[in-house]
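[1] Provided below for reference: sequence and predicted model.
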Amino acid sequence: MIRRVPLALALAACLLPGLAAAAERAVAPGPGTLAAAIATAAPGDVLKLSPGRHDGPVILDKPLTLDGGGDASGNGAELVGNGTGSVITITGPDAVVRGLLITGSGSAHQTIDSGVQIKKGGDRAVVADNRLVGNLYGVDVHGGIDVQVRGNHIEGRRDRRINDRGNGIYVWTSPGLVADGNVIDWGRDGILVTIGRKLTFTNNRFTNLRFAVHYMYAHDSVVSGNVSLGNHLGYALMYSERLKVHDNISLHDRAQGLMFNYTNNGDVTGNLVRNADKCVFIYNAHRNIIANNRFEGCATGIHFTAGSERNALTGNGFVGNRNQVKYVGTRDIEWSVEGRGNYWSDHPAFDLNGDGIADSPFRPNDLMDHVLWSQPAAALLTGAPVVQLVRWSQSAFPATLPGGVVDSFPLMAPPVIPVDPSDEAAAAVAIAARAAQGIEDEQFDPLKAH
């Protein structure tokens, strides 16, 4: 009797000759053993790295799994580069790197020396539950499609000025990338995107960095559930369209918690910024929905400038900021949507009908604010009788008020966004560590002048 092989199985055998041979293979530590195992492995093999030191660099040009048996705490097998180039380079599809302690990259920015570098062709790569320590860049995703970077602890360099370090995760034209649940400490920027689309960055935690998240030309992307603690700037989102920026936290980021520069048509909701110089800086950004955020304890709650128009602000809480709004303009801008404005902690409001909306509109700044912003030396006159007279005149004769922000339906209560006590404690630790490091690069920060 002749047995017929199903056509689908026959095609699979022809197209994937190595699939049937896929196996789990143990790899002992020692010079050259891992490179030899990769060279002889069949597509789909799982290489189980035994505890100890394994030598890099290595290249994954086919579907393989490197499994160090550990987790992001660094208790797995150790893969050590030789101080040149990247420790692991992925050029083929469907590679997995997990459970490893990865160290020993080179120090060249030109070649983006990284703990793991994923190049064009490295589609659907997964880098998960690793600890990457002391590499110039942590994970570089440079052309791979639908890559996942999950649950890693990335500790960058701290032996040079902050602007000369590498990024925790660096992304260039790699659509579909997901970075979730990573802890990124030290280095330059936590996540830097120079070009990208349909990216998702969720539930990551950032400390001791220049920017936590730095977006450039990253359209149709999500930044959600992340925590930035004690960095120079939290979330710098620039030249991007249709971003969804939801439920992020910025605590004690020094310059700005959120910054939008030429960022349009985005949804910015449910975020908390506390104790920065500027909670939010909006520069030439248009048609964004900014709703239900809480901006608290900053020198300036929101700095709004450079022709930013047609943004909808509603349901936000401006709580205990030294200056709630900095806006210099000649016309009124309404900050309420469909009869619902924002909460202002310095608005002496009444709500006689109990509907949660104050009975009187609110202007967060006046003519003297404009004078003080444009002529800082005038601050010496803040307590002078002439200043008090000008402010009294404006309250008595509203026609003398300049153009600026008007909230016709201010709220009686702010949104409540809880903070995990461990995040507060971690922010204090990060601030102390940054101060002890003693390397400050604010003079090199291109955003400092804005």
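    Noted; the coordinates are in hand. Numbers count the residues shown, from 1 in each chain.
[2] I'd guessed residue 242 sits against residue 218; true?
    No: counting by C-beta atoms under 8 Å, residue 242 stays clear of residue 218, with 10.0 Å between them. In this view, the C-beta of every residue, glycine as well, is placed from N, C-alpha and C.
[3] So between the two, which is more surrounded?
    Comparing residue 242 with residue 218 by other C-beta atoms under 10 Å, the one with more neighbours is residue 218, at 28 against 14.
[4] Who does that one form a beta bridge with?
    residue 196 (DSSP bridges).
[5] Could you number the chain from 691 rather than 1 from now on?
    Sure, I'll start counting at 691 from here, so that last one is residue 908.
[6] Need the three-state assignment for residue 1113.
    In three-state terms, and counting by DSSP: H, G, I helix; E, B strand; the rest coil, residue 1113 is helix.
[7] cool, residue 1121 as well?
    helix.
[8] which residue packs closest to it, ignoring adjacent ones?
    residue 920 (4.5 Å; C-beta to C-beta, 6 or more residues apart in numbering).
[9] surely the one you found meets residue 945?
    No: using C-beta under 8 Å, residue 920 makes no contact with residue 945, being 11.7 Å away.
[10] Could you check which of those two is surrounded by more residues?
    Between residue 920 and residue 945, residue 920 has the larger neighbour count (other C-beta under 10 Å), namely 26 against 21.
[11] buried ones in stretch 764-778?
    764, 766-771, 775-778 (16 or more other C-beta atoms under 10 Å).
[12] can you check stretch 822-836 too?
    Residues of stretch 822-836 classed as buried: 822-835 (neighbour count, 16+ other C-beta under 10 Å).
[13] want to throw those residues into TSV with secondary structure and distance to residue 937?
    Below are the buried residues of stretch 822-836 laid out as TSV (DSSP: H, G, I helix; E, B strand; the rest coil; distance: C-beta to C-beta, whole Å):
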residue	secondary structure	distance to residue 937
822	strand	26
823	strand	29
824	coil	32
825	coil	30
826	coil	31
827	strand	27
828	strand	24
829	strand	24
830	strand	27
831	strand	24
832	strand	29
833	strand	30
834	coil	27
835	coil	27
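[14] Most widely separated two among those?
    Using C-beta to C-beta, the buried residues of stretch 822-836 span at most 28.8 Å, a distance reached by 824 and 835.
[15] and the next element down the chain from the helix-or-strand element of the chain with minimal mean pLDDT?
    When the helices and strands of the chain are scored by mean pLDDT, DSSP states H and E, helix 697-705 comes last with a mean of 46. Counting by DSSP states H and E, the next helix or strand C-terminal to helix 697-705 is strand 714-717.
[16] Name every strand pairing with that following strand and say which way it goes.
    Going by DSSP bridges, the partners of strand 714-717 are strand 736-739 (parallel).
[17] Now whatever helix or strand comes next after the strand it pairs with: average pLDDT?
    Later in the chain than strand 736-739, the nearest helix or strand by DSSP H and E is strand 743-745. Averaging pLDDT along strand 743-745 gives 96.
[18] on contacts alone, who are the packing partners of the next helix-or-strand element following strand 743-745?
    Following strand 743-745 in sequence order, the next helix or strand is strand 748-750 (DSSP H and E). In terms of contacts (3 or more C-beta pairs under 8 Å, 6 or more residues apart in numbering; DSSP states H and E), strand 748-750 is packed against helix 723-730, strand 778-780.
[19] Mind listing residues that contact strand 748-750?
    Strand 748-750 is contacted from outside by 724-725, 728, 756, 769, 777-782, 785, 787, 812, using C-beta atoms under 8 Å, 6 or more residues apart in numbering.
[20] switch to 6 Å and redo it
    For strand 748-750, the surrounding residues in contact (C-beta atoms under 6 Å, 6 or more residues apart in numbering) are 724-725, 728, 778-780, 785.
[21] helices or strands next to the following helix or strand past it in the packing?
    Using DSSP H and E, the helix or strand that follows strand 748-750 in sequence is strand 755-757. The contact analysis (3 or more C-beta pairs under 6 Å, 6 or more residues apart in numbering; DSSP states H and E) places strand 755-757 against strand 736-739, strand 786-788.
[22] who does strand 755-757 pair up with?
    Here, using DSSP bridges, strand 755-757 pairs with strand 736-739 (parallel), strand 786-788 (parallel).
[23] Residue 1036: which of those strands is closest?
    Nearest of the strands paired with strand 755-757 to residue 1036, taken as C-beta to C-beta: strand 786-788 at 51.4 Å.
[24] Give me the distance from that closest one to the chain's centre.
    Remark: strand 786-788 is offset 23 Å from the chain centroid, using C-alpha atoms, centre = their mean, to the nearest Å.
[25] Stretch 793-800 too?
    The answer for stretch 793-800 is 23 Å, by C-alpha atoms, centre = their mean.
[26] What residues sit buried inside it?
    Residues of stretch 793-800 classed as buried: 793-796 (neighbour count, 16+ other C-beta under 10 Å).
[27] Pick out the most distant pair among those.
    Using C-beta to C-beta for every pair in the buried residues of stretch 793-800, the one that comes out farthest apart is 793 and 796, at 11.8 Å.
[28] thinking again about what came up before, of all the strands paired with strand 755-757, which gets the most neighbours per residue?
    strand 786-788 (a mean of 24; mean count of other C-beta atoms under 10 Å).
[29] Need the residues that contact it.
    755-757, 778, 806, 816-819.
[30] Could you give the number of residues near the residue nearest to residue 1023 when sequence neighbours are not counted?
    Excluding the flanking residues, the one nearest residue 1023 by C-beta to C-beta, 6+ apart is residue 1095, at 5.4 Å. Neighbourhood size, residue 1095 [other C-beta under 10 Å]: 21.
[31] wait, what's in contact with residue 1095?
    Contacts of residue 1095 by C-beta under 6 Å, 6+ apart are 1015, 1017, 1023, 1025, 1054.
[32] In CSV, list those along with secondary structure and neighbour count.
    Compiled in CSV, the contacts of residue 1095 are given as follows (DSSP: H, G, I helix; E, B strand; the rest coil; neighbours: other C-beta atoms under 10 Å):
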residue, secondary structure, neighbour count
1015, strand, 25
1017, strand, 20
1023, strand, 18
1025, coil, 27
1054, coil, 24
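[33] so which of those residues comes closest to residue 862?
    residue 1017 (35.5 Å).
[34] Ends of stretch 903-913, what's the gap?
    9 Å (C-alpha to C-alpha, to the nearest Å).
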